[in-house]
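Chemist: Coordinates for the following, if possible.
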Amino acid sequence: MITMEPSFDLLVLFGTTDEGLAFHLRSIRTGLPHPGALSPKILCSSPTGIELFTYTTIVIEIVGRHIVHMAETLESGTSVITIWDWVSGRIVTSTKVLGYSLAFLSEDMFLVPPPAGYARDDNPHHLALYDCNGVTPGSPARCVARLYFPTSDAIQIRHTRFQPSPLPSVRGCSIPLVSPPRVYDISPASHYVALSINFLNSGTGMLFIHSIGLLSLVDSLTTDHGQCLSIPWLKWSSATSRIHSAALNDRWIACSIFGHLVTHLSYGDDLHDWVVGIFDLRTSKTQSLPKSQPDLGSPDDQIETFLNAGSMSVQYPLLAKSFSIPVGVIPWDDDWYMATDHQSGVSLMVDDEHIIIFKSPSDTVKASLHVYPL
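Modeler: Down below sits the predicted model:
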């Protein structure tokens, strides 16, 4: 596995060595050991005593000075998140968590959703917010808040999972930057993380969490830094945004987020075209919900009523742009469509000015790359 951070000219190679699992720190430009790292190799082990393997690794990523490794454990529903300072080579934290995905709100703070089936009446579905700043090296990160979702007899959250959400480049730190500022960068004020929500028997939805908004809320509620806050949905929902579930229907193929811009790709009627939609999370419009009983409306209406905590109106981001692409430009692959339940085969990326679509190769369709202006 590999990950990289061009701002620091850093390439991280992850794999098995004679000494066990290790990260190899290289310069992207030269391929030689990275000059900013005190050691060209960091052994990957957890002080929790949990053995780590390449095949249990969920993700590795670079977040500023940190290399983050998340891996499943033998205990059902749990994983261990271990973080190193790649400059010094020292371990920062190793934390056993309930869940299989994470999202960083800042260099030190990250969210973890629980796995499917672990919510109970006495512990409803929530996100756990951790802080690794100031912890003793190798000790667990502090759980500073639990962000609870609403509960309802009509709607149940089956599971939640974070989608890739690029962080703003880390500047003003002690690491020397070897490349010019990014042409397309994310303002910290416009950083959102994307959470996919699967509802039991009611489809899926996407929730977008404003990083600064949530961190500011938690900071304002904190009176004892040794205490883990319990924050109900009515308090933290103001730091979120969501796209009406009807806009992200069962025809959507891929979704990508870049700062405040959310782009989704779906297939059109009768598979004659692809449809691209771009939403701006900074904008909003008010939409009324149907005046029906929460358990009698359509699944989409039930989800909206559930997340809106009973209010009969809701704020949605505006659709900034939409266009279609004929299947003659990006060929449709029937074999892929039948085999993968529409969830792969096409990758989507976006920045401030471009939408990039990559069509994976198959037995009948060649790989292709398509770039469109935003």
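Chemist: out of everything not next to it in sequence, what's closest to Gly99?
Modeler: Counting by C-beta to C-beta, 6 or more residues apart in numbering, Gly99 lies nearest to Val112, which is 4.5 Å off, once chain neighbours are set aside. Just so you know, the C-beta spots here come from the backbone N, C-alpha and C atoms, and that holds for glycine as well.
Chemist: what's near enough to touch that neighbour?
Modeler: Residues near Val112 by C-beta atoms under 8 Å, 6 or more residues apart in numbering: 81, 97-99, 101-102, 127-128, 130.
Chemist: Let's see that with 10 Å instead.
Modeler: Contact analysis of Val112 by C-beta atoms under 10 Å, 6 or more residues apart in numbering lists 70, 79, 81, 95, 97-103, 127-130, 141, 143, 162.
Chemist: Those residues in strands, which ones?
Modeler: Taking DSSP state E, the ones among those that sit in strands are 70, 79, 81, 95, 97-98, 103, 127-130, 143, 162.
Chemist: Turn those into JSON lines, including pLDDT.
Modeler: Shown next, in JSON lines, are these (pLDDT from 0 to 100):
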{"residue": "Met70", "pLDDT": "93"}
{"residue": "Ser79", "pLDDT": "93"}
{"residue": "Ile81", "pLDDT": "95"}
{"residue": "Thr95", "pLDDT": "94"}
{"residue": "Val97", "pLDDT": "94"}
{"residue": "Leu98", "pLDDT": "92"}
{"residue": "Ala103", "pLDDT": "95"}
{"residue": "Leu127", "pLDDT": "95"}
{"residue": "Ala128", "pLDDT": "96"}
{"residue": "Leu129", "pLDDT": "97"}
{"residue": "Tyr130", "pLDDT": "97"}
{"residue": "Cys143", "pLDDT": "95"}
{"residue": "Phe162", "pLDDT": "91"}
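Chemist: circling back to that earlier point, please pick the buried ones from the contacts of Val112.
Modeler: For these, a burial check counting by 16 or more other C-beta atoms under 10 Å picks out 70, 79, 81, 95, 97, 99-103, 127-130, 141, 162.
Chemist: Could you tell me which ranges of the protein sit under the pLDDT cut-off?
Modeler: Applying pLDDT under 70 to the chain flags residues 119-122, 169-185, 202, 244-252, 270-271, 286-301, 309-315, 333-344.
Chemist: Name the residues that touch the helix ranked longest in it?
Modeler: Ranked by residue count and defined by DSSP state H, the top helix of the chain is helix 211-221. Residues outside helix 211-221 that contact it (C-beta under 10 Å, 6+ apart): 103-106, 109, 111, 127, 129, 131, 144-145, 147, 165, 167-168, 186-193, 210, 229-231, 235-236, 238-241.
Chemist: repeat that for 8 Å
Modeler: 105-106, 109, 129, 144-145, 147, 188-189, 191-193, 229, 231, 235-236, 238-239.
Chemist: are any of the residues you listed buried, and which?
Modeler: 105-106, 109, 129, 144-145, 147, 191-193, 229, 231, 236, 239.
Chemist: Just the residues you listed: which are in helices?
Modeler: Short answer: those in helices (DSSP H) are Trp236.
Chemist: Same list (the buried ones among the contacts of helix 211-221) but as a markdown table, adding distance to Ser266.
Modeler: What follows is the buried ones among the contacts of helix 211-221, written out as a markdown table (distance: C-beta to C-beta, whole Å):
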| residue | distance to Ser266 |
| --- | --- |
| Leu105 | 29 |
| Ser106 | 32 |
| Met109 | 33 |
| Leu129 | 32 |
| Val144 | 37 |
| Ala145 | 35 |
| Leu147 | 29 |
| His191 | 25 |
| Tyr192 | 21 |
| Val193 | 22 |
| Leu229 | 38 |
| Ile231 | 34 |
| Trp236 | 29 |
| Ala239 | 27 |
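Chemist: right, and out of the buried ones among the contacts of helix 211-221, which lies closest to Met1?
Modeler: Nearest to Met1 among those: Val193, at 21.8 Å, using C-beta to C-beta.
Chemist: measure the closest one to Gly138 for me?
Modeler: According to C-beta to C-beta, to the nearest Å, Val193 stands 26 Å off from Gly138.
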